[in-house]
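Chemist: this one's sequence-less:
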């Protein structure tokens, strides 16, 4: 048995891969495939039963009705805005951590960024619900009830940025930390100004890290429907529509068709980003 | 970088503000858990520990905590086994479709949670439920394990890349059986990576709400679901706030563990 395994690496490989692949391909990809197929089905409006006949009606509805187009654009806009805010906040912070802070304080800063990741997602969204409440601390800081932004689209973007910020800081920090100081000194010795050094040396290191972080900020924002419910007021994103169609409307095929939108966007995004080497930075 | 003194100061101030942005909301929860006012009037006028004892005696929150722990342990166990297997396959073998495998593992976490949630939900209802196994705690564990595999995989893969195979070869050359080599050489090498990955997997599962919403059977309430259900009930607000405060305090524990294990790098990548 032992020598048989030794002489047949293929068998060893199959043994290692079969269970995980069975799980991921059969259970997960299979489930996704079923979901995709059911997007082409419909629901009988009288009986509520799923009719298993191929039709493009769901997608036609999504493409032609303004509601769905607006919600899609709004969701992508929110995800993009969150990603941009996270990049703008994360780059200086990661730069400080990797290149200015002393090694000792660097260690503690990494912990300080890491710790909130372990605090519950829901707890953090809830904290912002309290912060932004009418007459809450933000209003109080700005001079009285109603002065703050309150709940709504703006609050949603802020809270999502807050939630996913560490996911952006950590890969950028990891990238910058690998950048040797000697390279920067060499650039300066050769007469490059700070901005030139940033463009020619720091940026090429930064870009894959930023893409790696953006996979999280973008994808996590795109599918979110919980934060929106907590601080978004009446704002609707794709996630809310999917959820409403499964729950209240009991229209799984239409929910599936709606869910195809974020999947498509994410797959395109992943394929585009993979070429920059971002997946190795995860 | 040859940063000027000014830009160093600028970055330092930015960092301080960033940390303030990250920690103020969390501190607010801690302060509010002692706020005597039921609606969290700000600034607080009087402080009380009443809500803490109310939360301690809240049966719903306790049951939910217990459910979450069970789901997290189950999902972590599965993720440890599957993640380790894939990382060995990807690191130690060359085979057709290796890149696809690593993409496939990232997929459950890269796709929006609601997609994973409804996919597993509809598959469970149309394939497994007819076999007589309804949704319950087990379906939650299956759902969580699916996206937890990636964190174990990444941790173990990084460790395998760093250690190489020379020690194992030496062990085999010295006459150790494969089982002995695994027990005395390979396993001790990856032990801390397994711990870090398992810790991350547990935390990911413990915190998850979206996939849970869709895969939980009737009567299965994990802690995040309990919090969400009670979030919009004004009466429950103080108790929810205490539970939130407890979770914030508890989040220090895994970080401390990771520190003890291997320094900040071990916990640096949550995926």
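Modeler: That came through, no problem. Given the structure is predicted, the values throughout are model-derived calculations rather than measurements. Residues are numbered from 1 along each chain as shown, chains lettered A, B, ... in the order given.
Chemist: every contact and neighbour count from this point should use C-alpha atoms.
Modeler: Noted.
Chemist: what bits of the chain have low per-residue confidence?
Modeler: Looking at chain A here, since you left the chain open. Along chain A, segments meeting pLDDT under 70 span A:1-3, A:5-6, A:277-282.
Chemist: wrong one, I was asking about chain B
Modeler: Ranges of chain B meeting pLDDT under 70: B:1-2, B:261-271.
Chemist: so where do the helices sit in it?
Modeler: Under the criterion DSSP state H, chain B carries helices at the ranges B:5-32, B:50-56, B:59-92, B:98-110, B:113-123, B:137-163, B:166-173, B:178-181, B:187-207, B:210-215, B:223-231, B:237-250, B:252-262, B:264-268.
Chemist: report the angle between the third one and helix B:223-231.
Modeler: Helix B:59-92 and helix B:223-231 meet at an angle of 140 degrees, taking axes from the mean of the first three to the mean of the last three C-alpha atoms, to 10 degrees as the criterion.
Chemist: in helix B:59-92, what's buried?
Modeler: B:61-65, B:67-90, B:92 (16 or more other C-alpha atoms under 10 Å in any protein chain shown).
Chemist: how about the shortest one?
Modeler: Of the residues in helix B:178-181, those with enough neighbours to count as buried (16+ other C-alpha under 10 Å) are B:178, B:181.
Chemist: which other helices and strands contact it?
Modeler: If contacts are counted by 3 or more C-alpha pairs under 8 Å, 6 or more residues apart in numbering or on different chains; DSSP states H and E, helix B:178-181 sits against helix B:166-173.
Chemist: tell me the contacts of the residue found closest to residue B:146 once you drop the neighbours it is linked to in the chain?
Modeler: Once flanking residues are discounted, residue B:146 sits nearest to residue B:108: 6.6 Å by C-alpha to C-alpha, 6 or more residues apart in numbering or on different chains. Contact analysis of residue B:108 by C-alpha atoms under 8 Å, 6 or more residues apart in numbering or on different chains lists A:28, B:116, B:146, B:147.
Chemist: make CSV out of the helices of chain B and add distance to residue A:78.
Modeler: Shown next, in CSV, are the helices of chain B (distance: least, C-alpha to C-alpha, whole Å):
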stretch, distance to residue A:78
helix B:5-32, 20
helix B:50-56, 36
helix B:59-92, 31
helix B:98-110, 17
helix B:113-123, 17
helix B:137-163, 24
helix B:166-173, 49
helix B:178-181, 52
helix B:187-207, 23
helix B:210-215, 19
helix B:223-231, 22
helix B:237-250, 26
helix B:252-262, 31
helix B:264-268, 27
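Chemist: which residue does chain A bring closest to chain B?
Modeler: residue A:223 (4.4 Å; C-alpha to the nearest C-alpha).
Chemist: surely that residue and residue A:261 touch.
Modeler: No: at 10.2 Å, residue A:223 does not count as touching residue A:261 under the criterion of C-alpha atoms under 8 Å.
Chemist: these two: which has the busier surroundings?
Modeler: Between residue A:223 and residue A:261, counting by other C-alpha atoms under 10 Å in any protein chain shown, residue A:223 is the more crowded of the two (25 against 15).
Chemist: what's around the residue lying closest to residue A:147 once chain neighbours are set aside, how many residues?
Modeler: Spatial nearest neighbour of residue A:147, excluding adjacent residues (C-alpha to C-alpha, 6+ apart): residue A:139 at 5.2 Å. Residues lying near residue A:139 (other C-alpha under 10 Å) number 20.
Chemist: so residue A:139 touches residue B:41, yeah?
Modeler: No: Residue A:139 is not in contact with residue B:41 according to C-alpha under 8 Å; the separation is 11.4 Å.
Chemist: where does the residue nearest to residue A:147 fall, secondary structure wise?
Modeler: Per DSSP states H and E: residue A:139 is located in helix A:137-141.
Chemist: for that helix, list every residue counted as buried.
Modeler: Buried, per 16+ other C-alpha under 10 Å, within helix A:137-141: A:137, A:138, A:139, A:140.
Chemist: can you lay out those residues as CSV showing distance to residue B:190?
Modeler: Formatted as CSV, those follow (distance: C-alpha to C-alpha, whole Å):
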residue, distance to residue B:190
A:137, 47
A:138, 47
A:139, 51
A:140, 52
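Chemist: between those, which is closest to residue B:231?
Modeler: Nearest to residue B:231 among the buried residues of helix A:137-141, counting by C-alpha to C-alpha, is residue A:137 at 18.4 Å.
Chemist: was I right about that closest one contacting residue B:40?
Modeler: No: between residue A:137 and residue B:40 there is no contact under C-alpha under 8 Å: 9.6 Å.
Chemist: mutual contacts of those two, please.
Modeler: With contacts defined as C-alpha under 8 Å, 6+ apart, the residues shared by residue A:137 and residue B:40 are residue A:130.
Chemist: show me the contact partners of stretch A:210-225.
Modeler: Stretch A:210-225 has contacts (C-alpha under 8 Å, 6+ apart) with A:75-76, A:78-80, A:82-83, A:86-87, A:160-161, A:164-165, A:167-172, A:237-240, A:243, A:262, A:266, A:269-270, A:273, A:276, A:278-279, A:281-282, B:110-115.
Chemist: same check, this time on stretch A:226-233
Modeler: Stretch A:226-233 is contacted by residues A:122, A:125-126, A:128-129, A:151-156, A:159-160, A:235-237, B:210 when judged by C-alpha under 8 Å, 6+ apart.
Chemist: try 7 Å this time
Modeler: With C-alpha atoms under 7 Å, 6 or more residues apart in numbering or on different chains as the test, stretch A:226-233 has contacts from A:125, A:129, A:151, A:152, A:153, A:155, A:156, A:235.
Chemist: and the first one, how many neighbours does it have?
Modeler: I take that to be residue A:125. 23.
Chemist: count residues in the vicinity of the closest residue in space to it that isn't next to it in sequence, would you?
Modeler: With C-alpha to C-alpha, 6+ apart as the criterion, residue A:125 has its nearest non-adjacent residue at 6.1 Å, and that residue is residue A:227. By other C-alpha under 10 Å, 22 other residues sit near residue A:227.
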